[in-house]
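**Student:** Requesting a structural model of the entry that follows:
(3 chains)
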Amino acid sequence: MPELPEVETTLRGIEPHIAGTEVEQLRVFNGSLRWPVTEGLSEIVKGQRLLSLTRRAKYLLLHLERGSMMIHLGMSGSLRLVDKNTERRKHDHIEMHMSNGKCLRYHDPRRFGCWLWSDNGHPQLDHLGPEPLTDDFSGKRLFELSRKRKVAVKPFIMDNKIVVGVGNIYASEALFRSGIRPDREAGRISLQRYELLAGHIKDVLRLAIEQGGTTLRDFVNGNGEPGYFQQTLMVYGRGGQPCGQCDKPLSEIRLGQRSSVFCCHCQR
DNA sequence: CTTTCAGCCTGACGGC
DNA sequence: TGCCGTCAGGCTGAAA
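**Tutor:** Have a look, this model is predicted:
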């Protein structure tokens, strides 16, 4: 599923192939995504030059001459570059033909994603916290914003107002590396432990982006699905299996309606 | 203000 | 073989 590293990987994979080209044609086959695809999108973007592509949180932004497209991959979305006469697969909902012959296909079985056009900014981006891989995100920030908060630390670090782009997988892994129980009250964790946690969040995201390099080639070539993070996972999806550090069985609980796996011996 | 929770959607999987 | 229930997940917005 697309987390921040995969969105970043997608961006790096497609950017060099289509930045600077012009939109020849955009076709919407099924526009009922998380929010309906912007009405009249094909007519709006036709003929506009794609100036640049950026990422904010898990959103991809395509900057065109007269505005920008905000794309989210939701839970099951993916973008890939294909030859324009490649046959469409089931759940290929949108495609964008560029002036250099490249075709960008959006595939999303669960349709939790979005494609929204705006010529004056996207309100969804206005109240987001800092990017995790910048100096604006630190243990000090986690410590200060968590004082008097009763929420468990795992949903706390997954809150987009605190820091963006930390999904269930990487929250679980960073907490394991930090030796912190996911259900510990956010307001009762020391500055020192938050500094450790912030460092591990950055490490785990950076590592996943590096490993995404393999996925990147697949995306561009239109082969296979990403499977790069499986080996590195210590706790996510491993409830009941032995802990990689102490061999005791990993515990599984639910926090904020999300499954949370941890080691009750290694994490306190 | 904080916290909780339903809803959006399909595919995979287990039980019968 | 198929049917049915459950789960997975990010994000929003309403309710408590």
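**Student:** Enumerate the residues of the stretch 1-150 of chain A near DNA strand C.
**Tutor:** By Cβ under 7 Å from any atom of the strand, the residues of the stretch 1-150 of chain A that approach DNA strand C are A:1, A:3, A:34, A:57-58, A:72, A:74-76, A:110, A:112, A:124. (Each C-beta comes from the backbone N, C-alpha and C, glycine too.)
**Student:** Just the buried residues of these.
**Tutor:** Restricting those to buried positions leaves A:3, A:34, A:57-58, A:72, A:74, A:124, with burial counted as 16 or more other Cβ atoms under 10 Å.
**Student:** which residues does residue A:258 contact?
**Tutor:** Residue A:258 makes contacts with A:154-155, A:158, A:168, as judged by Cβ atoms under 8 Å, 6 or more residues apart in numbering.
**Student:** what does residue A:90 give?
**Tutor:** Residue A:90 touches residue A:109, counting by Cβ under 8 Å, 6+ apart.
**Student:** got a pLDDT number for it?
**Tutor:** Listed pLDDT for residue A:90 reads 86.
**Student:** measure it to residue A:12 for me?
**Tutor:** Separation of residue A:90 from residue A:12 (Cβ to Cβ, to the nearest Å): 27 Å.
**Student:** Then residue A:192?
**Tutor:** For residue A:192 relative to residue A:12 (Cβ to Cβ), the value is 35 Å.
**Student:** what's around the closest residue to DNA strand C within the stretch 101-250 of chain A, how many residues?
**Tutor:** Taking Cβ to the nearest atom of the strand as the measure, the stretch 101-250 of chain A has residue A:167 as its residue closest to DNA strand C, at 2.8 Å. If you count neighbours by other Cβ atoms under 10 Å, residue A:167 ends up with 18.
**Student:** Would you list the phi and psi of residue A:242?
**Tutor:** Note on residue A:242: backbone dihedrals following degrees, to the nearest 10 are phi -70, psi 140.
**Student:** Tell me which stretches of the stretch 151-268 of chain A form helices.
**Tutor:** According to DSSP state H, counting those that start in this stretch, the stretch 151-268 of chain A carries its helices in the segments A:153-157, A:168-178, A:191-221.
**Student:** among those, which is nearest residue A:95?
**Tutor:** Proximity to residue A:95 (Cβ to Cβ) singles out helix A:191-221 among the helices of the stretch 151-268 of chain A, at 15.0 Å.
**Student:** Give the other helices and strands that the closest one contacts.
**Tutor:** Applying 3 or more Cβ pairs under 8 Å, 6 or more residues apart in numbering; DSSP states H and E, one finds that helix A:191-221 contacts helix A:4-18, strand A:78-83, helix A:139-146, helix A:153-157, helix A:168-178.
**Student:** so how far is that helix off the chain centroid?
**Tutor:** Helix A:191-221 sits 11 Å away from the centroid of its parent chain (Cα atoms, centre = their mean, to the nearest Å).
**Student:** quick one: that helix to helix A:4-18, angle?
**Tutor:** Counting by axes from the mean of the first three to the mean of the last three Cα atoms, to 10 degrees, helix A:191-221 lies at 40 degrees to helix A:4-18.
**Student:** If residue A:104 is in a bridge, with which residues?
**Tutor:** Beta bridges link residue A:104 to residue A:81, residue A:96, judged by DSSP bridges.
**Student:** how near is it to residue A:9?
**Tutor:** 15 Å.
**Student:** Who has more neighbours out of these two?
**Tutor:** Between residue A:104 and residue A:9, counted using other Cβ under 10 Å, residue A:9 has the larger neighbour count: 26 against 21.
**Student:** Give me the pLDDT for that one.
**Tutor:** What the model reports for residue A:9 is a pLDDT of 88.
**Student:** I'd say it and residue A:210 touch.
**Tutor:** No. If you go by Cβ atoms under 8 Å, residue A:9 and residue A:210 don't touch, sitting 9.7 Å apart.
**Student:** Which residues are in contact with each of these two?
**Tutor:** Joint contacts of residue A:9 and residue A:210 (Cβ under 8 Å, 6+ apart) do not exist.
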